[in-house]
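**Q** Quick one: sequence plus predicted model below, questions after.
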Amino acid sequence: MENYLVAMAVSAGIFALMALGMNVIWGMAGLINLGLVGFFGVGAYVSALLTLKLQFPISVGIALGTAAAAAVGAVVALVTVRLKGDYLAIVTLGFAETVRLVASNEIWLTNGTDGLSGIARPFGASLAPVQFNLFYLCLVAALVTVLFVLVDRLSHSPFARVLRAIREDEQVAAVAGKHVILFKVKAFAFGSAALGLAGALYGHYTSYIAPDIFVPLLTLYIKLALMVGGVGNSLGAVVGAVVVVTFLESTRFVTPLIPGLSHVQGAALREFLISVSLLVILRFRQQGILPEARAHPVVPTLTSESRLR
Amino acid sequence: MATEILQLIINGIMAGTILAVPAIGLTAIFAVLRFANFALASHATIGAFAGLVANVNFGLPVVPSLAFAFLAAGLVGLATDEFVLKPFRAAGFITTAIGSIALTIALENVVRFIFGNELRGYDLPIRRDWRFEGIRIGPQQVENLAIAVAVMAAVFLFLMLTRTGKAMRAVADNPMLANIKGINAEMVARIVSFVGMGLAGLGGMLIGLDTTIDPLTGFRAILSIFAAAVVGGLGSIPGAVVGALTVGIGEELSLLFLSPNYRSAVGFFTILLVLIFRPRGILGQRAF
């Protein structure tokens, strides 16, 4: 049971890393990224492949996975720099699907839909499973803390002020002499790095990754975490991740309580409950549990956005 | 080689014409309601399964089953838009787009709950392919093509000739002016949700007639459908047809140098190319 709770805490930490990354892309810069699983997948696969096939040390693999996700993020941001709103939503979603297609079809490299197994665990040989879980929890918690401090410092910096200005009105930011494209690309790359880091950590924790882990549902989980915690609020992102993982895991216990459900029906019911709860939160609690600080509202309020349109 | 290319182009035209049906649904919803409705994926799946029930369980032929698919997906679309998505629209397109993804996953899982994950096929008479000079054409594909063309013609006539159709075009063109002229925007929104999602359901069944269906049928097609609508210009109905043919033929021709598994990536790259060079699509963002 303790082991299970630790494992849950680790996945909460990985979710928190992704939520913090999305906070920069979505919360500060106001860029939609519905393809966050794509960047998560890039980080996971790059790190797993480098350590599996080229015997890189795990730390180097994780660092390069993070860097690869950041680079891909910068490229995606550059290509889509003129796109807004719905178009950006469609293209980022398409990007994630394309990453999944590559992962499922380049069998010589990624082992296709069977996935990669036996990914190295840090100190996996010398630690007992319980110790390993605790060690990994400390590692993830440390990284969440570092990223949290970084994002929090960032949100008070001039850089984030420019991002918020771009989010509110690109033209005004450009007129003020800000290089809009550069700022967007930097924000996207930074956020993607966090997503890639989360992916790499996931791979080295479970020691198994497959294309069907990177489904759009994961994107929804992170959105859910951000919505619960309040978009644009770093503490909210972490709290939201914990709440979402607790909720996801608790649905695991709810479905067996209903008699006569097959395995598929149970899984379908779980996904149904999760998506419906996102809809309910979206509908009734837009500002999340911890609303953003008043000094810089990060998500436009209902009235200000409709006015902008 | 020449016959091979010709065969691929013919396949592409047939696939593209079928793709045009849900793409018209998507673009019509965008024209009136101004958001990319990702819930189209689950509605295509619902249509495919409703048609399956009519065809396999009730033993109806293909055409009445398609009508059933249209009706079922249209009614679900009407209900979910009214009770789920409508309240989101005031909060802006990001919220609405995310809401529509959550909705599509919820509905997809309702289908999975009822029907399970197995692949299912329609009850179709087995017919031999026609052959002309090395070109193969399946009779069922030709029938699907004819149905898709007839449906499109009906949509065009509806938009051109009926009062409701004209009201829809007016709201798409200029909602404020339409309001001044006394057009009930709420009613138009309901009609476009019903017709748009109905077309998605009909398209989902047409796509499924060629192969098999499962709860992910709609989701697998969504990238091609969005590509078709975006390539032609989101919000333009003739654009959706042009875009669907472009994507359909492009996907088939890609088989010359790509593995068939990458077919749906073609839609993504077409979107990227078109958006980089013509951000408003081939025919621009006019409703008609």
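**A** Structure's in. What do you need?

**Q** in chain A, which spans are helices?
**A** Using DSSP state H, the helices found in chain A span residues A:2-22, A:36-53, A:58-79, A:85-105, A:107-110, A:129-155, A:158-168, A:170-175, A:180-206, A:216-229, A:234-254, A:263-284, A:302-308.

**Q** Need the winner for burial among those helices.
**A** Most buried of the helices of chain A, by mean neighbour count (mean count of other CB atoms under 10 Å in any protein chain shown): helix A:36-53, with a mean of 27. Glycine gets a C-beta too; all of them are placed from N, C-alpha and C.

**Q** what stretches of chain B score poorly on pLDDT?
**A** Flagging of chain B using pLDDT under 70 yields the residue ranges B:279-288.

**Q** let's see it at 50
**A** Within chain B, the stretches with pLDDT under 50 are B:287-288.

**Q** likewise chain A?
**A** For chain A, the stretches with pLDDT under 50 are A:294-298, A:300-309.

**Q** Can you tell me, leaving aside adjacent residues, what's nearest to residue 254?
**A** With no chain named, the answer covers chain A. Among residues not flanking A:V254 along the chain, A:L273 sits closest, at 7.4 Å (CB to CB, 6 or more residues apart in numbering or on different chains).

**Q** wait, I meant chain B there
**A** Nearest non-adjacent residue to B:S254 (CB to CB, 6+ apart): B:V266, at 4.7 Å.

**Q** what about the one you found, how many neighbours?
**A** When neighbours are counted by other CB atoms under 10 Å in any protein chain shown, B:V266 registers 21.

**Q** That one: which element?
**A** Per DSSP states H and E, B:V266 falls inside helix B:263-277.

**Q** Of all the residues in that helix, which ones are buried?
**A** Burial within helix B:263-277, assessed by neighbour count using 16 or more other CB atoms under 10 Å in any protein chain shown, is assigned to B:263-268, B:270-272, B:274-275.

**Q** which one among those residues gets closest to chain A?
**A** Distance from chain A was checked for each of the buried residues of helix B:263-277 by CB to the nearest CB. The minimum falls on B:F268, at 3.7 Å.

**Q** Test my guess that the closest one contacts A:G94.
**A** Yes - between B:F268 and A:G94 a contact is recorded at 3.7 Å, counting by CB atoms under 8 Å.

**Q** Give me the common contacts of those two.
**A** B:223, B:227 (CB atoms under 8 Å, 6 or more residues apart in numbering or on different chains).

**Q** Give the other helices and strands that the strand or helix carrying B:L159 contacts.
**A** Using DSSP H and E, B:L159 maps to helix B:139-161. Counting contacts by 3 or more CB pairs under 8 Å, 6 or more residues apart in numbering or on different chains; DSSP states H and E, helix B:139-161 is packed against helix B:2-33, helix B:62-80, helix B:163-173, helix B:185-210, helix B:237-253.

**Q** what's the closest of the ones you listed to chain A?
**A** It's helix B:2-33; of these, that one is closest to chain A (CB to the nearest CB) at 7.5 Å.

**Q** Which positions in the stretch 51-200 of chain B make contact with chain A?
**A** The stretch 51-200 of chain B has residues B:84, B:87-88, B:90-95, B:97-99, B:101-103, B:105-106, B:108-110, B:112-113, B:116-117 near chain A, with proximity defined as CB under 8 Å from any CB of the partner chain.

**Q** among those, which ones are buried?
**A** Neighbour counting by 16+ other CB under 10 Å classes B:84, B:87-88, B:91-95, B:97-99, B:101-103, B:105-106, B:108-110, B:112-113 among these as buried.

**Q** what's the span of stretch B:128-146, first residue to last?
**A** End-to-end distance for stretch B:128-146, by CA to CA, to the nearest Å: 18 Å.

**Q** Contacts only, for residue 264.
**A** You didn't pick a chain, so chain A it is. By CB under 8 Å, 6+ apart, the contact set of A:V264 is B:112, B:116-117.

**Q** The chain in question should be chain B.
**A** Shown in contact with B:S264 (CB under 8 Å, 6+ apart): A:97, A:101, B:220, B:223-224, B:251.

**Q** Does B:T104 touch B:A44 like I think?
**A** No - if you go by CB under 8 Å, B:T104 and B:A44 don't touch, sitting 9.7 Å apart.

**Q** How about A:V91, nearest residue that isn't a chain neighbour?
**A** Counting by CB to CB, 6+ apart, the residue nearest A:V91 is A:T80, at 5.4 Å.

**Q** Let me know whether the one you found touches A:L93 as I believe.
**A** No - if you go by CB under 8 Å, A:T80 and A:L93 don't touch, sitting 11.7 Å apart.

**Q** residues from the stretch 51-200 of chain A in reach of chain B?
**A** So the stretch 51-200 of chain A meets chain B at A:79-80, A:82-83, A:85-87, A:89-91, A:93-95, A:97-98, A:101, A:104-105 (CB under 8 Å from any CB).

**Q** 6 Å instead?
**A** Counting by CB under 6 Å from any CB of the partner chain, the positions of the stretch 51-200 of chain A adjacent to chain B are A:82-83, A:85-86, A:89-90, A:94, A:97-98, A:101, A:105.

**Q** Mind telling me the two of the residues you listed farthest from one another?
**A** A:G85 and A:N105 (30.8 Å; CB to CB).

**Q** so who does residue 15 touch?
**A** By default, I'm working from chain A. For A:F15, the contact set (CB atoms under 6 Å, 6 or more residues apart in numbering or on different chains) comprises A:225, A:241, A:245.

**Q** Chain B is the one I meant
**A** B:G248.

**Q** Give me the distance between it and B:L255.
**A** Using CB to CB, to the nearest Å, B:A15 is found at 11 Å from B:L255.

**Q** any idea how far the nearest residue to B:T246 once chain neighbours are set aside is from chain A?
**A** Nearest non-adjacent residue to B:T246, counting by CB to CB, 6+ apart: B:V231, 5.5 Å away. Per CB to the nearest CB, to the nearest Å, B:V231 is found 11 Å from chain A.

**Q** What's the local residue count around B:V231?
**A** 28.

**Q** just A:L54 next, same as before
**A** Look at A:L54: counted by other CB under 10 Å, it has 9 neighbours.
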